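In: Just need the structure, nothing else, for what follows:
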Amino acid sequence: MIKWCSYCLHFIEECEPFDDYIISHGVCPACAPKALTFTRADKHAIQGIRTFFMALQKASRSGAVQDWTPVLAESRRLGIPPLDLMMGMLQPLLVEIGGLWAEGKVTVLAEHRFSAMVDALASHLRPEAGARDEVPPRLILVSADGNFHTLGVQMAALYFASLGLPHLTTASGLPTEELLGLVRRYQPEVLGFSVALPQQMAQVEEVAARLADLPFPPPALLVGGPAARQGLDPHPALGIHVCRDLKAMLPYLRQEG
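Out: All right, here's what the predicted structure looks like:
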């Protein structure tokens with residue numbers, strides 16, 4: 001479930017049920033102290049965000065959205081942060097249009113156009129995937145071998161960037177040897193895989209077996225993505241932790257200071 005703030009209409013968090021992308025409402029920490037003092041200008045700004053979302057919803061169903069540039073320009077004009085745009089608006093619309101396509105209510109072309117637009121926008125917004133030796137990544141995020149759905153990792157990159165956490169991400173996945181080389185080089189606290197289907201766990205399990213050979217404490221090995229949201233349950237002996245949302249990854253990072 002995607003939770004929005006009822007007052008400012010910004011993304012708050014994902015919450016149970018994680019495999020359902022329906023939009024719910026609450027109050028974000030920033031709005032809680034001033035919820036009773038909203039002005040007419042505040043309400044006008046909120047209406048602009050609501051209108052923008054409804055226009056995106058209509059365009060996604062018709063296949064009219066093909067270019068991410070005006071979408072990003074309008075979201076910036078309305079003061080919508082990239083994380084809010086991707087996770088709070090475009091993510092539930094992607095799920096909605098996928099369901100409508102499965103039911104034969106929108107065309108394949110409409111679904112493909114909207115998905116391609118979102119993917120291109122995510123690629124533009126995604127923070128630099130490289131790592132600098134002077135600021136080594138605390139976590140490495142990759143798509144598991146066989147998972148060609150790259151949007152999840154790109155959204156994760158936006159999320160961790162918004163928290164100021166140094167990270168290295170690659171949406172296209174990496175061969176196991178190259179990935180282990182990065183782990184040896186940077187010694188991250190977390191190694192996270194995005195897994196769409198249970199059969200894509202082969203690489204994760206291979207990495208789990210080989211982390212024990214490292215000459216330093218291995219990173220926490222996490223899996224997320226659609227398979228995790230739908231109840232993925234690795235054998236406990238593998239030491240693989242399932243995270244059904246991005247926030248669940250934070251406890252595996254060492255506390256600073």
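In: so where's the stretch 51-200 of the chain shaky on pLDDT?
Out: For the stretch 51-200 of the chain, the stretches flagged by pLDDT under 70 are 128-134.
In: in what helix or strand does the residue sitting nearest the centre point of the chain lie?
Out: Geometric centre of the chain, nearest residue: Met155, 2.9 Å, by C-alpha atoms, centre = their mean. Taking DSSP states H and E as the definition, Met155 sits inside helix 151-162.
In: List the neighbouring strands of the helix or strand following that helix plus their orientation.
Out: Next in sequence after helix 151-162, counting helices and strands by DSSP H and E, comes strand 167-170. Using DSSP bridges, the strands paired with strand 167-170 are strand 139-143 (parallel).
In: Dump the partner strand to CSV, restricted to CA.
Out: Extracted in CSV, the C-alpha atoms of strand 139-143 (Å, rounded to 0.1, in the frame of the first residue of the first chain):
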residue,chain,number,x,y,z
LEU,A,139,25.3,-0.7,0.4
ILE,A,140,25.4,-2.3,-3.0
LEU,A,141,22.2,-2.9,-4.9
VAL,A,142,21.8,-5.0,-8.0
SER,A,143,19.1,-6.8,-10.0
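In: Next, the angle helix 151-162 makes with that strand.
Out: Relative orientation of strand 139-143 and helix 151-162, computed by axes from the mean of the first three to the mean of the last three C-alpha atoms, to 10 degrees: 160 degrees.
In: quick check, distance from strand 139-143 to the centre of its chain.
Out: With C-alpha atoms, centre = their mean, to the nearest Å as the basis, strand 139-143 stands 12 Å off its chain's centre.
In: Need the contact partners of it.
Out: Identification of contacts with strand 139-143 by C-beta atoms under 8 Å, 6 or more residues apart in numbering yields 149-150, 152-153, 156-157, 160, 165, 167-174, 179, 182-183, 186, 188-194, 219, 249, 253. (C-beta placed from N, C-alpha, C; glycine too.)
In: counting contacts, what elements does the longest helix anywhere in the chain pack onto?
Out: For the chain, the longest helix by residue count, based on DSSP state H, is helix 40-62. Judged by 3 or more C-beta pairs under 8 Å, 6 or more residues apart in numbering; DSSP states H and E, the packing partners of helix 40-62 are helix 68-77, helix 91-102, helix 108-125.
In: Let me have these in CSV, adding distance to Glu13 as columns.
Out: Listed next are the helices and strands packed on helix 40-62 as CSV, based on distance: least, C-beta to C-beta, whole Å:
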stretch, distance to Glu13
helix 68-77, 19
helix 91-102, 12
helix 108-125, 19
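In: Tell me which of these lies nearest to Met54.
Out: helix 91-102 (10.6 Å; C-beta to C-beta).
In: now the angle between helix 108-125 and the closest one, please.
Out: Using the same axes, to 10 degrees, helix 91-102 lies at 160 degrees relative to helix 108-125.
In: Hey, what's the angle from helix 91-102 to helix 40-62? Just curious.
Out: Using the same axes, to 10 degrees: helix 91-102 against helix 40-62 is 30 degrees.
In: List the buried residues in helix 91-102.
Out: Buried residues in helix 91-102, counted by 16 or more other C-beta atoms under 10 Å: 91-94, 96-97, 100-101.
In: and if you look at stretch 175-185?
Out: So for stretch 175-185, counting by 16+ other C-beta under 10 Å, buried means 179-180, 182-183.
In: Same check on stretch 19-36?
Out: Residues of stretch 19-36 classed as buried by neighbour count (16+ other C-beta under 10 Å): 21, 27-28, 31.
In: Show me these that map onto helices.
Out: In helices, judged by DSSP H, none of the buried residues of stretch 19-36 are found.
In: So which of those sit within strands?
Out: The strands, defined by DSSP state E, take in nothing from the buried residues of stretch 19-36.
In: Any chance of JSON lines for these, columns pLDDT and distance to Met86?
Out: Output for the buried residues of stretch 19-36, formatted as JSON lines (pLDDT from 0 to 100; distance: C-beta to C-beta, whole Å):
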{"residue": "Tyr21", "pLDDT": "77", "distance to Met86": "13"}
{"residue": "Val27", "pLDDT": "83", "distance to Met86": "22"}
{"residue": "Cys28", "pLDDT": "82", "distance to Met86": "17"}
{"residue": "Cys31", "pLDDT": "82", "distance to Met86": "21"}
